[in-house]
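> 3D, please:
(3 chains)
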Amino acid sequence: MQGLEVRGLRKSFGGLTVAQEIDFDLPPGARKALIGPNGAGKTTFANLVTGKLKPSGGSIRFDGSDIGSLGESERVKRGIAKTFQITTLFRTMTVRENIRLPILERQGRGGRMFGGAAADRATEAEIDALLDQFALLPLADKPIHLLAYGQQRLVELALTLALRPRVLILDEPAAGVPSSESHLILQAIERLPAELAVLIIEHDMDLVFRIARSIVVLVNGRILTEGTPDEISRDPMVRQLYLGEAHV
Amino acid sequence: MSVQEIPLTTIRTRIRGVPLMPEAVMLALAVIAYFLFPYDLALLTRIMVMMLFVLSLDLVLGYAGIATLGHAALYGTGAYAAGLFAVHVSADPVTGLVVGAAAGAALALVSGLLLMRAHGLTLLMLSIAVTLICQEIANKARDLTGGADGLRGIRMEPVLGLFKFDFVGRTGFWYALAVLCVCYAVLKVVTLSPIGLSVRGIKDSAARMVAIGSPVYRRLVTIYTIGGAVAGVAGALAAQVTQLVSLEVYAFNLSAEALIMLILGGAGRLHGAIIGTLIFMVVHHIAASVDPFNWLFIIGALVLGIVFFVPAGMLGIPAALRNLTGRNGDARP
Amino acid sequence: MSLILNIAVDGIAYGMILFMISIGLSVTMGLMRVINLAHGAFALLGGAAAHALIARAGLSFMAAALLAIMATMAIAFLLERLVYRRIYGLGELQQVLATIGITFIFIALVNRLLGSSLLAIPLPDFLQQSVDLGFRVLPAHRLAVILAGAVVIAGLYLTIERSRFGTRLRAAVDNRSIASALGINIDAVFAATFCLGAGLAALGGILGAELLPIDAYYPLRYMVLFLIVVSVGGMGSITGSFMAALALGILETASRYLIPDFGTIVFFAAVMAVLAIRPRGLLGKA
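Reported below is the predicted structural model:
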C-alpha cells in the first residue's frame, strides 16, 4: 500500500501506557486531523511515527516497507517530516540559511567540505521560490530573531517543506500565533501540494474543520473514533468529551 | 554625532563589500610587524602559532559549539609527532607538518567517537581526561619523549630545501606566517562549505538538524577531526620553530587560555580568533614579564569583564556601542 | 593482607576528603545547572586560612580550623551574592570561562598574601600518633579523616532527609519551577547550600592537606579531580557523589600502590569508561 500504515502501535513508559493498539492510515493526498484532550498522546503518536520515540509494540509501514526500526533522520530521508510544536529554528542564521540547510541535506550535500554552501544556483533559486510561496522573500536575508512569531511559524513550515516530504505532520502549526497572523498559516496549509499526505495535530477546531477531510479522535492513548468532520461534530461521544470538558 | 555616523557606516559597508578585506588587513599588519619589531620575531612567531591553535578551537567550539577543555591534547600530540618524526625519520619541515596534522586528526577521530556523544559537564570532563592521559603517556614514555625533561635534539632542515632556520628567527617568522595563511584559507573554505553551515546548525539546534535528516554525530566527528588536524599543525609548527617539545604542550592552562583568547576576540568568526589571540598574547607579554601571578589576576579580571560586559568579544564591541548610542538616541525626545 | 588493609584505609580516607570537597559542588551544580570550575578555591581558602592562623598567628589546630571554615563560608556568601548570581543565567561556555576567571583571581590573591610555596598545616599531636587496633596499627590522621567523613555524611543525611531545609532543597533540585511555585525561596535555599558546600570544602581542604597539599595553585591542580567526582557520581546526587568519591579514592590509591607507573592512566581510563557507559554519571537524573 502507498503511504503510511500503522498497526497495533503501543507505547508505555514504565507502567504508564500512552499509546495502545493504534491503527492508522495516511494515504497520499490525505488531509487528516488528530484531535483529543490534553495528555491524550497526540504528540507521543507523532513522535512514534517520526522515530523520535521507539514503540513498545506494533508496526509502522511506509509504502509497504517496515520503517519501525529506522532512526529519526533515516525516516526523514524516506520522506516523513514533522514541524515542531515549539518553533525550533536556527536562530543565529538568516531565513535563507534556514531553508538552505534542509535542501542541502535532502540533496545529500550537507557534509561536503568545499564549495560554498551558497554556491549552487539551482538551490538558491529553489529557496527563492519556496520563500516566495510563503511571502517571505523580502525577509530572506534577515536573521530569524527579527521576525514576528507568525512569520517564524511560516519559516518553520517552509523549512520542513524544503525536505520535499511525502508525509507531513503538523504539530499545532498555529500554536502561539496571534489571531491577526493565523490566516497566514491557514493559507499556507491550504496551498500545500495536493499529493502530499498531511496529518495535523491541532487544538484550534476552526482550523481543523477548515482543513481536515477526516478527523481521528484520540483519548487516553486510544483511538476513540474516526470520521468526516460532519460525522465527528455529530458524534455524541465526542460532543460529550468536548462539551463535558468545557463545562468543568 | 548622527552626521558623523552616516559616513562611518557607509565606509564600513564598503569595507565589508570587498571580499577578504579583514584577511588582507591582517596580512598587511603581519608584514608591517616584521619590520617594526625585528628583535621580537620569536614572540611574533609564537603569537602566530597560538593564532593557528585558537583558529582550530574556533572551528570546533565557535562554529560547531563543541565545548571542550581538552584542545591541548590535539596540539600536544601534533607537537610530539612532529618532534619525534624530526628526530628519528626526517628533518624536512613540511613533511613534519603533515605528520603533525595526521597525528592530531587521528587522535581527534578516535577520541571524538566517544566525546561527540557527550554534552555539558560530561564532555568537559572527558576532553580533560583525554588530555591528561596523553600527558601521562608522554611522561611515562621517557625513553621516547624525554619525559619531564622534554624532547630535545630537534634539528630542522631548510624549509623546502631553500630557507635555513636562522638565529634571529626570520625564516621561522615567514614559515609560520605561510602555514598560518594556508590553514586560515582551508578553514575559510570549510566554514563556508555545506558542512560549515551544517555544524552551525547543530550548534543552534541539534534536534532540528536530526529532524531534517542530518547525521549529527558523524558531522561533529568530522569537524572535530578537521579541527584536530589544524591543532596538530599548530603543535608541529611550535615543535619545529622552538626545537623543543615539553609536557607543557598538554597543560590544562593551554586549553583554557585558548578558550579565553577565542571568546576575547569573538567566537564563530575566524578573524575573531586572530584578534583575540593577538590582544591576549601582547597583554600577556607585557604583564607576565612583570609578575606571573599578577598576570593570573589580570586574566581572571579580564575574563569576568568579557563574560559580563562584552559576551560577543572584541568583534561585538562595535555592535554593543551602536546599541548603546542608539538607546541613548531613543531616550532623548 | 596488610597491603589490602593499607589500600582500604588510605583509599577510604582519600575518598572521604574528595567527598567533603566535592559534595557542595555536586549539589549546587545539580540545583542551579551551573558549571562551576572554581569550587576548589574554597578548599584552598580553608587550607590557606588554617595555615596562616596556625603558623603565623599561633592558634591551635581546632580553633584555626573552625575559624578558617567560618571565614570561607563568609567569603562564599559574598561571592554568591555579588558574582555567582550573575553567572546562573549565562550559557554553559560563559559559565566555564567566568569560573575559570574566578579561579585565577583566587590563585593570584592567595599567592599575593601567602606566597607560592607549600602552605603546611601542622597536625596536632593526637593526630600524629598511631592507633593500635589490636590486630593493626594505623595512623590516627587517616582514622580521624574517615571519622570526620562519616560524621559529615550522617549530618548531611539528617539535614537533607529530616529538616525543613532538606525538604526544600530536595524539592528545588527535583524541579525548580514547581518548587518555586510552591512558595519555596530558591534564592535563599541556594545561598545556604552554596555556603554549606564551601564550608565542607574548606573542612576537606584542611583535613586533606596531608593527601592534597595546599599551595596557591591548588584549585587548578585538583579542579579536574573534584569535577570528576561530580560527573561520575551524577550532578546533584549526594549518594552518587559519595559512591564516586569512595570508588575513585580507592581506585587511585590502589593503582598507586599496585601499578605506580600506570596509576594515572588507569584512573582516567576508568573515569572515561564510566562516563562513556553512563554519560550522566552513576546516579544522575535522566
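
> show me where the stretch 51-200 of chain B has helices.
Taking DSSP state H, counting those that start in this stretch as the test, the helices found in the stretch 51-200 of chain B are B:72-88, B:93-115, B:120-140, B:142-145, B:170-192, B:194-204.

> what do you get for chain A?
Counting by DSSP state H, chain A has helices at residues A:42-50, A:72-78, A:95-106, A:121-133, A:149-161, A:179-190, A:205-211, A:229-234, A:236-247.

> just name the most buried of the ones you listed.
Highest mean neighbour count of the helices of chain A: helix A:95-106, a mean of 24 (counted as mean count of other C-beta atoms under 10 Å in any protein chain shown). Quick note: C-beta positions are derived from backbone N, CA and C, even for glycine.

> what mean pLDDT does it have?
Across helix A:95-106, pLDDT averages out at 92.

> wait, does that helix contact chain B?
Yes. Helix A:95-106 is in contact with chain B by C-beta under 8 Å from any C-beta of the partner chain, via A:97, A:100-102, A:104-106.

> ok, and what's touching that helix?
Helix A:95-106 is contacted by residues A:76, A:89-90, A:93, A:110, A:117-118, A:123-124, A:126-127, A:130-131, A:136, A:139-142, A:144, A:147, A:155, A:158-160, A:162-164, B:194, B:197-198, B:201, B:209, B:212-214 when judged by C-beta atoms under 8 Å, 6 or more residues apart in numbering or on different chains.

> got a list of what residue 77 touches?
Using chain A. For residue A:77, the contact set (C-beta under 8 Å, 6+ apart) comprises residue B:213.

> actually it's chain C I care about, not the one you picked
Counting by C-beta under 8 Å, 6+ apart, residue C:77 touches C:191, C:194-195.

> buried stuff in the helix or strand hosting it?
Element membership for residue C:77 (DSSP states H and E) is helix C:61-79. Within helix C:61-79, the residues that qualify as buried by neighbour count (16 or more other C-beta atoms under 10 Å in any protein chain shown) are C:61, C:64-69, C:71-73, C:75-76, C:79.

> need the residues of the stretch 101-250 of chain B near chain C, please.
B:114, B:117-122, B:124-126, B:128-130, B:132-133, B:136-137, B:140.

> recalculate using a threshold of 7 Å.
By the rule C-beta under 7 Å from any C-beta of the partner chain, the part of the stretch 101-250 of chain B lying against chain C is B:114, B:117-118, B:120-122, B:124-126, B:128-129, B:132-133, B:136-137, B:140.

> which among those residues count as buried?
By neighbour count, with 16+ other C-beta under 10 Å, those hold B:114, B:117-118, B:120-122, B:124-126, B:128-129, B:132-133, B:136-137 as buried.

> farthest-apart pair in those, please.
The most widely separated members of these, counting by C-beta to C-beta, are B:120 and B:137 (26.8 Å).

> where along the stretch 101-250 of chain C do the strands fall?
For the stretch 101-250 of chain C, applying DSSP state E, counting those that start in this stretch gives strands covering C:130-132, C:137-139.

> need the winner for burial among these.
Mean neighbours per residue, mean count of other C-beta under 10 Å, is largest over the strands of the stretch 101-250 of chain C for strand C:137-139, with a mean of 15.

> and it, which strands flank it?
Each strand paired with strand C:137-139, and its direction, by DSSP bridges: strand C:130-132 (antiparallel).

> need the residues that contact the partner strand.
When contacts are defined by C-beta atoms under 7 Å, 6 or more residues apart in numbering or on different chains, strand C:130-132 is touched by residues C:137-140, C:143.

> so where is chain A shaky, pLDDT-wise?
For chain A, residues meeting the criterion pLDDT under 70 lie at A:1, A:243-248.

> give me every residue in it lying close to chain B.
A:72-73, A:76-77, A:82, A:88, A:90-93, A:97, A:100-102, A:104-105, A:109-117, A:163.

> gap between the spatially closest residue to residue C:207 that is not a sequence neighbour and chain A?
Nearest non-adjacent residue to residue C:207, counting by C-beta to C-beta, 6 or more residues apart in numbering or on different chains: residue C:145, 5.3 Å away. To chain A, residue C:145 is 41 Å away according to C-beta to the nearest C-beta, to the nearest Å.

> and what of residue B:154?
Separation of residue B:154 from chain A (C-beta to the nearest C-beta) stands at 32 Å.

> what about that residue, neighbour count?
By other C-beta atoms under 10 Å in any protein chain shown, 20 other residues sit near residue B:154.

> thinking it is in contact with residue B:87, fair?
Yes. Shown here, residue B:154 and residue B:87 form a contact pair, counting by C-beta atoms under 7 Å, at 6.0 Å.

> let me see the contact set for residue 205.
Let's take chain A. If you count contacts by C-beta under 7 Å, 6+ apart, residue A:205 has none.

> nope, chain B
By C-beta under 7 Å, 6+ apart, residue B:205 lies in contact with A:88, A:90.

> ok, the one 5 residues further on next?
With contacts defined as C-beta under 7 Å, 6+ apart, residue B:210 is in contact with A:72-73, B:216.

> going by distance to chain C, which of the residues you listed wins?
Closest approach between those and chain C, by C-beta to the nearest C-beta: residue B:216, at 15.5 Å.

> I'd like to know how many residues surround that closest one.
Residue B:216 has 18 neighbours, counted by other C-beta under 10 Å.

> tell me the pLDDT at it?
Note on residue B:216: pLDDT of 92.

> against chain A, how distant is it?
Applying C-beta to the nearest C-beta, the value for residue B:216 to chain A is 8 Å.

> residue B:155 contacts residue B:92, correct?
No. Using C-beta under 7 Å, residue B:155 is not in contact with residue B:92, being 11.5 Å away.

> returning to that earlier point: need the max-distance pair from the residues of the stretch 101-250 of chain B next to chain C.
Pairwise distances across those (C-beta to C-beta) peak at 30.9 Å, for the pair B:120 and B:140.

> how about the helices of chain A in CSV, adding distance to residue C:31?
As requested, these are arranged in CSV below (distance: least, C-beta to C-beta, whole Å):
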stretch, distance to residue C:31
helix A:42-50, 29
helix A:72-78, 32
helix A:95-106, 36
helix A:121-133, 45
helix A:149-161, 32
helix A:179-190, 39
helix A:205-211, 42
helix A:229-234, 48
helix A:236-247, 37
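
> how about these, which one is nearest residue C:150?
Across those, residue C:150 has its closest neighbour in helix A:42-50 (46.5 Å, C-beta to C-beta).

> can you list contacts of that closest one?
A:4, A:9, A:11, A:18-19, A:22, A:34, A:36, A:53, A:55, A:60, A:72, A:75, A:80, A:82, A:85, A:169, A:171, A:201, A:218.

> now it, how far from the centre of its chain.
Distance, stretch centre to chain centre, for helix A:42-50: 10 Å (C-alpha atoms, centre = their mean, to the nearest Å).
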